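Trainee: Everything below, folded, please.
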Amino acid sequence: MKLLPGEKLSFDKTEEPDPASLSDNAINKKYAKGEVRIVTEQARYPLPSIPVMLSSNNYELNPEFQRRHRWDISKKSRLIESFIMNVPIPPIFLYEDRYSHYEVMDGLQRLTAINDFYTDQLKLDNLEEWPELNGRTYSTLPEQVRRGVDRRYLSSIILLQETAKSEVEAQRLKQLVFERINSGGINLEPQEARNAIYNGPLNQLCIDLARNPHLCATWGIPKPTPAELKDGQPSKGLLANEIYRQMEDVELVLRFFAHRQRIENHKGPLRTYLDNYLRLGNEFQNKTLSGLKEIFVDTIKLAHDTFGTQSFWLWRKRKSGSWNWLKRPTTVVYDPLMSVLSQHLDHSSKIISRRELFVGGIKKFYEKNYNTFEGRYTNRSNLGSRNELFETFVSDILEK
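Mentor: Residues are numbered from 1 along each chain as shown. Here you go, the predicted structure:
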């Protein structure tokens with residue numbers, strides 16, 4: 001694999017002291033120095049004050065470590081119903097990134113729901129204990145109910161700016177806290193965790209490229225709409241797509257970049273490798289990032305132009321002995337095919353001109369080499385074999 005200047009990463013681990021070897025005295029000194037200790041304070045916000053608070057520009061509602069999950073009307077309504085019933089609501093978590101300016105680490109959906117409610121953008125729906133209020137907005141609620149809700153508070157825990165001694169330490173600690181407070185709820189998907197812990201230039205590039213229309217077409221993800229392109233608002237169809245919701249589309253871009261060095265750095269599980277690649281790759285220079293972006297854009301377009309929306313489907317053998325398509329994309333095909341096509345970008349026009357030969361020969365290719373593509377094994381031998389087989393497949397057609 002020919003890499004770009006500055007793309008080569010070193011995955012050698014630096015030796016660190018074994019924590020188990022520290023004496024009690026050393027541990028006590030570490031604690032006394034306040035290492036990795038969070039400084040917090042608590043606050044309570046009257047619900048009617050939240051729209052004013054959010055419009056003050058002192059609260060950042062979408063820092064990088066937030067997930068893509070969005071509440072639907074029913075979930076928003078259930079939160080308001082809980083306030084009506086005075087059910088205790090967990091606190092939101094804020095990070096004071098500068099004095100009197102806060103990032104919302106956890107609680108974005110609650111704040112958004114409350115804001116929508118008080119600005120009459122939310123019509124209550126699917127209420128269980130108060131079904132007679134379905135269809136009501138805040139301004140159309142009975143007076144006593146409205147007054148009751150206005151008496152409620154939303155609690156918060158604020159990580160103060162004094163928690164960290166530098167911007168690097170601040171990023172590490174707030175992302176650490178984000179991961180910990182989410183560990184008791186819906187488990188973070190691998191790329192959601194990376195987005196929280198290893199945000200940086202490469203991570204942002206992967207997020208941007210995940211909305212590439214050719215990637216969307218080949219993975220069944222709704223393409224960007226004019227509204228999304230204009231103001232960044234995802235469509236309902238996009239929010240309902242599991243690949244998008246769990247940030248698997250972002251991971252697909254990361255996999256493409258990481259696969260370029262994967263075979264040489266094959267030790268350990270793939271998830272750990274992707275973690276380390278993103279962590280180290282965030283240090284890439286802008287020129288390297290620009291080069292990687294160009295390669296990805298050109299490669300996914302070439303794959304889509306050649307094989308269509310079925311680019312990464314696998315022609316598989318069933319237990320009955322018959323053959324048919326696995327009617328969904330798979331990384332077993334995506335990783336090696338994208339890798340090989342990226343090495344033949346200079347032959348893009350020729351590849352597309354012979355599209356019928358590629359599409360016509362792909363079934364026989366899988367039937368002949370099915371044992372290599374069966375399963376999801378990602379050890380060095382499997383990765384290398386799949387790359388070599390696709391390289392032979394592409395080269396043979398180009399030479400005809």
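
Trainee: Let me see the ranges of the strands in the stretch 51-200 of the chain.
Mentor: 59-60, 92-98, 101-106, 153-159 (DSSP state E, counting those that start in this stretch).

Trainee: can you list those in TSV and add mean pLDDT?
Mentor: What follows is these, written out as TSV (pLDDT from 0 to 100):
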stretch	mean pLDDT
strand 59-60	86
strand 92-98	85
strand 101-106	85
strand 153-159	91
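
Trainee: Grab the nearest non-local neighbour of the residue nearest in space to the middle of the chain.
Mentor: The residue lying closest to the centre of the chain (CA atoms, centre = their mean) is residue 247, at 3.1 Å. Leaving aside its chain neighbours, residue 247 sits nearest to residue 191 (3.9 Å; criterion: CB to CB, 6 or more residues apart in numbering). Where C-beta positions appear, they are placed from N, C-alpha and C, glycine not excepted.

Trainee: need the contact list for the one you found.
Mentor: 246-248, 250-251, 254 (CB atoms under 8 Å, 6 or more residues apart in numbering).

Trainee: please redo it, this time with the cut-off set to 6 Å
Mentor: 247, 250-251 (CB atoms under 6 Å, 6 or more residues apart in numbering).

Trainee: just to revisit the earlier point, for residue 219, find the nearest of the strands of the stretch 51-200 of the chain.
Mentor: strand 101-106 (29.0 Å; CB to CB).

Trainee: The closest one pairs with which strands, and in what direction?
Mentor: strand 59-60 (parallel), strand 92-98 (antiparallel) (DSSP bridges).

Trainee: Quick check: mean pLDDT of stretch 203-210?
Mentor: Averaged across stretch 203-210, pLDDT comes to 96.

Trainee: give me the number of residues near residue 213?
Mentor: 13 (other CB atoms under 10 Å).

Trainee: Secondary structure class of the nearest residue to it once chain neighbours are set aside, three-state.
Mentor: Nearest residue to residue 213 in three dimensions, chain neighbours excluded: residue 223, at 4.9 Å (CB to CB, 6+ apart). Here residue 223 is recorded as coil under DSSP: H, G, I helix; E, B strand; the rest coil.

Trainee: May I have the beta-bridge partners of residue 155?
Mentor: residue 44.

Trainee: separation between it and residue 47?
Mentor: 11 Å (CB to CB, to the nearest Å).

Trainee: higher neighbour count, those two?
Mentor: residue 47 (19 against 14).

Trainee: nearest spatial neighbour of the more buried one, skipping sequence neighbours?
Mentor: residue 152 (5.1 Å).
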